[in-house]
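Student: coordinates only, sequence not included:
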DNA sequence: GTCTATAGCACGATAGAC
DNA sequence: GTCTATCGTGCTATAGAC
């Protein structure tokens, strides 16, 4: 009857997993950390549903059972990774700005530069974070809400100073959201659309990276122009 | 032994599915179209892996087996939705621009306005499209490549005229990618981060929508400023 | 074309030896 | 702490009646 493959939906994932000589990780990293590292990589790249615990175990070079020994289950592990990623993602924005007494332009330069550096190291991060904060993502919608609250409880130094700055001098009639969206969009969007852009302009990874480096200096200038009195 | 629930990972999805009186869709819509509509909704919201064929069937008000009757399997159905979404997503950019002889500013206005209208109607679209074009997404990486090629085969009227315009007059030393990334980022990013922004600024859906409407007129102005000679 | 029933497998989680 | 072996179930896909 030629049945053979009733549920072949997984052929994709299995293929690349074939053998792999169990990554020669140094033993000085604890097993728990190895699992988290593997989970971070896979969850961040493929999302919750598309990642299988078996893959995490293999990537970490340990047995599947250990995953449930250290972290209770897949979901718990995901939430840990999720929260760490969120902190990384928005942490950049609010580190050490309080009390630094910078000008607006200096702030923009500082944040843009730090953010782009971080994104060059973690290109998949914005997608992961944003996607899991939007509704209807991997987790229960209620869960996203919890994270959003937790985010809000961290004081947004940059957001606040940014909004304040706008209210003070620049552009009276325009909602601060506009400028924040522009700023973050200019920084983050190219990473979210990197494949599309690299394809469009026929760029190598190196060339793309170089352009992103350029943006560290360009973006603050653009922002100043945009925020000038209308 | 208290086993009972060996794989409780699904509690989330099952809950909301409880009964639902089989949506009173009008009969003049073909079954095939109903399935596609349901699939578009769910795939776009939750992605490939997190969407179950059972949910699609229920959402469409038909039996599961019909899904495989019309479309061969889950993956085939996904590819159809994927491609239609891509066309919607980048189609806006290149409709009727050829031979219209607009100024740069007019082009920016036209595209920004059309794009934002489309995004207001399909807020989940950018996430879906971008996420599935980046590597390591729902589908095999090779698949993304196919789509990228297909995209490139559609002539990018706007991209071309945009890049050309930049080369002609404005800003000689800056790579066109920068401006395209800025433009698309300003348009698309707020939708990708809508939850975060609405939460941050304490906005209702209505208020958010209104701000997006504002951006139709603001973005072209900002772009002109940015692209002015440095 | 549309349904019910079910095959068959892959997954997450656990038991239990060491 | 770490492993192997296995359970129970959710899933996709199909067979087959109507």
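Tutor: Right, received. Where do you want to start? Owing to the predicted nature of the structure, the values given are computational and were not obtained by experimental measurement.
Student: Going by C-alpha atoms from here, please, whenever you check contacts or count neighbours.
Tutor: OK.
Student: Return the helix or strand in chain A with minimum mean pLDDT.
Tutor: None of the helices or strands of chain A scores lower by mean pLDDT, DSSP states H and E than helix A:11-17, at a mean of 38.
Student: What about residue A:143, how many residues nearby?
Tutor: 15 (other CA atoms under 10 Å in any protein chain shown).
Student: Quick check: what element follows the least confident helix or strand of chain A along the chain?
Tutor: Once the chain leaves helix A:11-17, the next helix or strand it forms, by DSSP states H and E, is helix A:31-46.
Student: Show which residues not belonging to that next one make contact with it.
Tutor: A:51, A:56-57, A:59-60, A:62, A:67, A:70, A:77-78, A:81, A:124-125, A:128, B:136-138 (CA atoms under 8 Å, 6 or more residues apart in numbering or on different chains).
Student: what do you get for stretch A:56-67?
Tutor: In contact with stretch A:56-67 (CA under 8 Å, 6+ apart) are residues A:22-23, A:31, A:34-35, A:37-39, A:42, A:53-54, A:73.
Student: is DNA strand C contacted by it?
Tutor: Yes: Stretch A:56-67 comes into contact with DNA strand C (CA under 7 Å from any atom of the strand), by way of A:64-65.
Student: Next, the distance between the ends of that stretch.
Tutor: 8 Å (CA to CA, to the nearest Å).
Student: Leaving out chain neighbours, which residue sits closest to the residue most central in space within chain A?
Tutor: By CA atoms, centre = their mean, chain A has its centre lying nearest to residue A:125, at 1.9 Å. Excluding the flanking residues, the one nearest residue A:125 by CA to CA, 6 or more residues apart in numbering or on different chains is residue A:44, at 6.5 Å.
Student: what's the answer for residue A:123, then?
Tutor: Here the residue nearest residue A:123, using CA to CA, 6+ apart, is residue A:191, at 6.2 Å.
Student: From residue A:206, how far out is the one you found?
Tutor: 14 Å.
Student: cool, and residue A:46?
Tutor: 24 Å.
Student: more neighbours, these two?
Tutor: Remark: of residue A:46 and residue A:206, residue A:46 carries more neighbours, 20 against 9, as counted by other CA under 10 Å.
Student: so how far is DNA strand D from that one?
Tutor: 16 Å (CA to the nearest atom of the strand, to the nearest Å).
Student: now do residue A:49
Tutor: Look at residue A:49 and DNA strand D: by CA to the nearest atom of the strand, they are 10 Å apart.
Student: the inter-axis angle of the helix or strand harbouring residue A:181 versus helix B:176-192?
Tutor: Secondary structure from DSSP H and E places residue A:181 in helix A:176-192. Computed by axes from the mean of the first three to the mean of the last three CA atoms, to 10 degrees, the angle separating helix A:176-192 from helix B:176-192 equals 120 degrees.
Student: any idea which element residue A:146 lies in?
Tutor: Per DSSP H and E: helix A:141-153 holds residue A:146.
Student: and that helix, which residues are buried?
Tutor: A:144-145, A:147-148, A:151 (16 or more other CA atoms under 10 Å in any protein chain shown).
Student: That one packs against which elements?
Tutor: helix A:125-133, helix B:194-201 (3 or more CA pairs under 8 Å, 6 or more residues apart in numbering or on different chains; DSSP states H and E).
Student: hmm, who's touching the first one?
Tutor: Applying CA under 8 Å, 6+ apart, the set of residues contacting helix A:125-133 from outside is A:44-45, A:47, A:82, A:85-86, A:89, A:119, A:137-139, A:144-145, A:147-148, A:188, A:191-192, B:127, B:131, B:192-193, B:195-196.
Student: Quick one: mean pLDDT for the lengthiest helix in chain A?
Tutor: The longest helix of chain A (DSSP state H) is helix A:205-227. Average pLDDT, helix A:205-227: 97.
Student: Between helix A:194-201 and it, find me the angle.
Tutor: Using the same axes, to 10 degrees: helix A:205-227 against helix A:194-201 is 100 degrees.
Student: Could you give me the buried positions within helix A:205-227?
Tutor: A:208-209, A:211-212, A:214-216, A:218-223, A:226-227.
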